[in-house]
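S.K.: Fold the following and give me the result.
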Amino acid sequence: MNLPNKLTVFRMLLVPVIIILCIFPVGGSWTIWGQILPINQFIVVMLFIVASLTDFLDGQIARKQNIITTFGKFMDPIADKLLVNSLIIILACTSKIHMIVPLIMISRDLVVDAIRLLASQNNVVLAASQLGKAKTFTQMLGIIFILLNNIPFCFVGIRIDLITMAAATLISLISGIDYFMKNRQFILESM
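M.R.: Purely as a prediction, here's the structure:
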């Protein structure tokens, strides 16, 4: 297994650790710039940042060393969805984001995955689109700001956490429609 694929697997392995930390919080909290941040939330942010960086690195390394594999094309988006969707569900359940956010994002992912499955039956592997990558980036950024309680933007009264998550939701919707329109032949062939 090459390094990019190892990074993808590592990202997937971080997901249950992050979920466990969210469900079974460690006691205590820290005060960062006057804002109270629970210790487990800080640990989750750090692990999430590490996992998000592996998403960036695995793609960069794969392209630079020309070691793009079918496994990577298939598993990288799944690892991203596991990471992001787990956290947006947790954030919605804890009322940090509106429930419509995971509903739109996960619905989009189901449609895209269904199209990928139909394409794979025709021996076609569909890589992530640029809009899909933008969606993932804005999702990850929004999650980080929400987990950090909007630090440092809370001091100037700008809700960059919610703005970024709203942008991610909009990009998610647009990218899902775009993905469907560009690959609808796989759905139409199956009718």
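
S.K.: where's the closest residue to Leu87 other than its chain neighbours, which helix or strand?
M.R.: The shortest distance from Leu87 to any non-neighbouring residue, by C-beta to C-beta, 6 or more residues apart in numbering, is to Ile143 (5.2 Å). All C-beta spots, glycine's among them, are computed from the backbone N, C-alpha and C. Assigned by DSSP states H and E, Ile143 belongs to helix 130-147.

S.K.: who does that helix touch, helix- and strand-wise?
M.R.: With contacts defined as 3 or more C-beta pairs under 8 Å, 6 or more residues apart in numbering; DSSP states H and E, the packing partners of helix 130-147 are helix 39-64, helix 70-93, helix 100-121, helix 160-189.

S.K.: which regions of the chain sit below the pLDDT cut-off?
M.R.: For the chain, applying pLDDT under 70 flags the ranges 190-191.

S.K.: Kindly tell me how buried Phe42 is, as a neighbour count.
M.R.: Neighbouring residues of Phe42 were enumerated by other C-beta atoms under 10 Å; the total is 18.

S.K.: same deal with Met12?
M.R.: Using other C-beta under 10 Å: Met12 sits among 18 other residues.

S.K.: And Ala128, by the same measure?
M.R.: Ala128 has 18 nearby residues by other C-beta under 10 Å.

S.K.: a helix runs through it, doesn't it?
M.R.: No: counting by DSSP: H, G, I helix; E, B strand; the rest coil, Ala128 is not part of a helix but coil.

S.K.: That one contacts Pro77, doesn't it?
M.R.: Yes: shown here, Ala128 and Pro77 form a contact pair, counting by C-beta atoms under 8 Å, at 5.3 Å.

S.K.: Next one: the spatially most central residue of the chain from Gln121, what distance?
M.R.: Against the mean C-alpha coordinate of the chain, by C-alpha atoms, centre = their mean, the closest residue is Val84 at 3.2 Å. Per C-beta to C-beta, to the nearest Å, Val84 is found 26 Å from Gln121.

S.K.: and if you look at Ile146?
M.R.: According to C-beta to C-beta, Ile146 and Gln121 sit 38 Å apart.
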